[in-house]
Structure formats: structure tokens, C-alpha cells
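> sequence and predicted structure are below.
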Amino acid sequence: MAKIYVLRLGHRPKRDKRVTTHVGLVARTFGADRFVLVGSDSKVVSGLNSVSNRWGDGKFEATSTKDAKKYVEQWKKSGGIIVHLTMYGLNLSGFDMNKVRGKDLLVVVGAEKVEPWYYENADYNIAVANQPHSEVSALAMFLDRYYQGRELDKGYTSKLSIKPMENGKYVTLIPNELECIDILKNEKVDDKLLLHSKAVYELAVEIGKRANANLNLITAGALLHDIGRSKANGLDHGHIGAEILRKKRVNEKVARIVERHIGAGLTKEDVVKNGLYIPKKNYVPITYVPITLEEKIVAEANNLIYGSKRVRIEKTIERYKKEGLNNSAEHILKLHKELSKKCKIDLDDLCTD
Ligand SMILES: C[S@@+](CC[C@H](N)C(=O)[O-])C[C@H]1O[C@@H](n2cnc3c(N)ncnc32)[C@H](O)[C@@H]1O
């Protein structure tokens, strides 16, 4: 896929810190892959990377270069296109974006007066209205036209994310390993449960790596999967755990891992038969069955752990059958086969018993 980098010229550390940071923030949010600062200002660069790690998937990167002209020349040499944003350029409104789509694109923005060399070496000088305004707005407008607005709908599975609210502020969190342990301790889970949770976590991460799953989600989902046992030990501990986490503003994707981890999930019949809480209609999809890859992996890892020991799936299936839960046993085997195929190994091979 074609990449888009933003090159920021003329940064004056004393004067431009805030504006340059905003150019980088716009680059990230409006879909660029990288922000390249000409010169050095480690605070600006590290600040942008910190935002990328907390609010994004960490793929966007801020870096710097000493030699802007060399950077531009190399970009052109490797077949990329240069767009220089300037009020003196072709008006964006009439510009055919297809001329630059599909190719690696370097978008150059200035701070103070930009040297003529950049005007001459750009493939296209483009103006967002032929009026003086700001590199921040020019970049946002250009990228928005480039992506035709799709960049605004990009969803991230990030450490922090916002639940949009008509009134008020609501930020949800994917806790890391240490934060999960703190959450468990605050709920006063006992040492045995802590050991079990850690064992499920370690195995889930191993499986997650093989399946190319989101490891932050798996870490939180696996460590917290049994948090509901601090209040209940029946089949409802999944849902109760998820509710505890929702109250703590933990990301909904983690809450659902917790809610759907029992066996290979609880079917609607299980839920009705056992008189469990039935989610409201607006809770979509209405299910306690794992759907996402991360939900499936945590359920599978939990099925391969007994206490804090790894066991083969057959052991768990036997236990379910002994309790007359033949349907659930079948689903557990099906999930095991599905994930083993995805990981290209029999997941029993990760377990000794
Ligand atoms: C404060 S302006 C400096 C103005 C400069 N004389 C110029 O070439 O546009 C800083 C940067 O904002 C961007 N900029 C300002 N007005 C723009 C416009 N109408 N269209 C595109 N970019 C603009 C350019 O990248 C410029 O280098």
C-alpha cells in the first residue's frame, strides 16, 4: 500500500513547538503514516510518539531528519511523489487527486519562508485557497480530500479511546499487565485466582502471537477474565466480571472477552436455561459466545488451563462431559480445532499435563 509521510520544514524549537506538534497530530489523525521533522526537537518527536502509543495502534511514527533536501531527493529517486503545500500553488479545489493517489506521497509543509528549491522540486505545489493561513489547516484539508473523509472513521484498538458522548467526557482504557494486577487486587481476588489468571494470560499471549491477534486486548482480557469470581462463582461470573470492568471504564472489547470466556461461550439456550442475565436489545450482538479472535483465544487458553497448570483439551472436554455438558464439550473441541488450524499447530502441543 502507498504510504504518506509529512515533512515539516523550518521548525524553530523556541517558537514553533506547539504548531509543529499540531502538524504532527493532524498528520496522525488524518491518516498519514509518518511525521518527519527537519532538525531536532526530541520533545516534539517523543510527545507525538507517546500520543500514537496511547491513542493509536503505535504504527504512526514521528521521526526527524537533518537534511531535508536529501530526504526529498531520495523520496523522488525511489519513485515517490512530492506535494508541497503553499498558498502560491494550484488550488486544491480544482486539483485531480488521482494524480497522486496510489503512489508513495511526501507532503511538505513549511513554518517560516520556504526556500525556492522546494517549489521547484515538488511535483505539485498545492494551495488550500490562495490565501495565507496555516500549515495545520492546510495539511488537514489536503489529507481529508485525499482520503475523501474516510480517515475520520478509522477505529483503533488503543490503550485509551473515547466513547462519544452527547454530554460529558468518557474515556475507556485497555489496562496493561501491571494495571490489570492492580485491578484484580483491588477486587480482592485470592492468590489462587491470581495464579490461574496469570497462567491463562501467559498461554493466551503465546497463542495470540501465533494467531497475529491484538496482544494488548489479550493481556487485559486474559488477566481479567475471572474477575467476576470475586462476586460470584456460577456461570454468571463472566457477565458480572464484565460489568465490574465497565464500571471501571475498561474498554468494551476487554469486557466482552471477559463476558464470553466460559467454555467456548454460553449459547442463548445456556443463558435461558440457567436464568442468566440477558443483555438488552441494544447490546449487539446478543451473545455470550466468543466472536472476535481475541475473545476466542482467551476462552481457548482458559480451556487449556486447570488451576494454574496447562492441560490438553481432552482433559477439559472430559470434565464437561462428566457434568453432562455434552454440547458445551463439542463447542470446546470445535474452538480448539479452529484456533489450532489458525495457529498452524495443535494447541495441545503448548500444553503438558
Ligand atoms: C505561516 S505559513 C508561511 C507562509 C509562506 N509564505 C508560504 O509559502 O505559504 C507556513 C506554512 O503554512 C502552509 N500554508 C499557509 N497557507 C497555505 C495555503 N493557503 N495553502 C497551503 N498551505 C498553506 C505552507 O506549508 C507554509 O509553508
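Thanks, I have it.
> the closest residue to the ligand within the chain: what's it in contact with?
Residue nearest to the ligand within the chain: residue 110 (2.4 Å; Cβ to the nearest ligand atom). Glycine gets a C-beta too; all of them are placed from N, C-alpha and C. Neighbouring residues of residue 110 by Cβ atoms under 8 Å, 6 or more residues apart in numbering: 9-10, 85-86, 118, 135.
> could you find the closest non-adjacent residue to residue 16?
residue 111 (5.3 Å; Cβ to Cβ, 6 or more residues apart in numbering).
> residue contacts, that neighbour?
8-12, 16, 19-20, 135.
> which of the contacts of residue 110 scores worst on pLDDT?
Checking pLDDT across those, the minimum falls on residue 10 at 95.
> so it sits in a helix?
No. Assigned with DSSP: H, G, I helix; E, B strand; the rest coil, residue 10 falls outside any helix and is coil.
> quick check: it touching residue 118?
No. Applying Cβ atoms under 8 Å as the test, residue 10 and residue 118 come out as separate, 10.1 Å apart.
> leaving aside the residues adjacent along the chain, what's closest to residue 244?
Per Cβ to Cβ, 6+ apart, closest to residue 244 is residue 227, 5.6 Å.
> over to residue 157?
residue 214 (5.3 Å).
> before we move on, what about residue 125?
Residue 125 sits nearest to residue 89 (Cβ to Cβ, 6+ apart), 3.3 Å away.
> do you know the pLDDT at the residue of the chain closest to the ligand?
So, for residue 110, pLDDT stands at 97.
> for the one 10 residues further on, same thing?
In this prediction, residue 120 carries a pLDDT score of 98.
> how far off centre is the helix or strand containing residue 44?
In this structure, residue 44 sits in helix 42-55 according to DSSP states H and E. Mean-position distance between helix 42-55 and its chain equals 16 Å (Cα atoms, centre = their mean, to the nearest Å).
> state the mean pLDDT of that helix.
97.
> can I get the helix or strand bottoming out on mean pLDDT in the chain in CSV, CA atoms only?
One helix or strand of the chain scores below all others by mean pLDDT, DSSP states H and E: helix 268-273, with a mean of 74. Listed next in CSV are the C-alpha coordinates belonging to helix 268-273 (Å, rounded to 0.1, in the frame of the first residue of the first chain):
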residue,chain,number,x,y,z
LYS,A,268,-28.6,-18.5,24.1
GLU,A,269,-30.1,-21.8,25.3
ASP,A,270,-27.5,-22.0,28.1
VAL,A,271,-28.3,-18.4,29.1
VAL,A,272,-32.1,-19.0,29.2
LYS,A,273,-31.8,-22.4,30.9
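> can you list contacts of the helix holding residue 44?
Contacts for helix 42-55 (Cβ under 8 Å, 6+ apart): 11, 13, 17, 20-21, 24-25, 28, 35, 37, 58-64, 156, 158-161.
> now that helix: buried residues?
Counting neighbours by 16 or more other Cβ atoms under 10 Å, one finds that the buried residues in helix 42-55 are 44-45, 47-49, 51-52, 55.
> I'd like those residues as a markdown table, with distance to the ligand appended.
Shown next, in a markdown table, are these (distance: Cβ to the nearest ligand atom, whole Å):
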| residue | distance to the ligand |
| --- | --- |
| 44 | 16 |
| 45 | 20 |
| 47 | 20 |
| 48 | 18 |
| 49 | 23 |
| 51 | 22 |
| 52 | 22 |
| 55 | 25 |
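> can you count the residues close to residue 10?
17 (other Cβ atoms under 10 Å).
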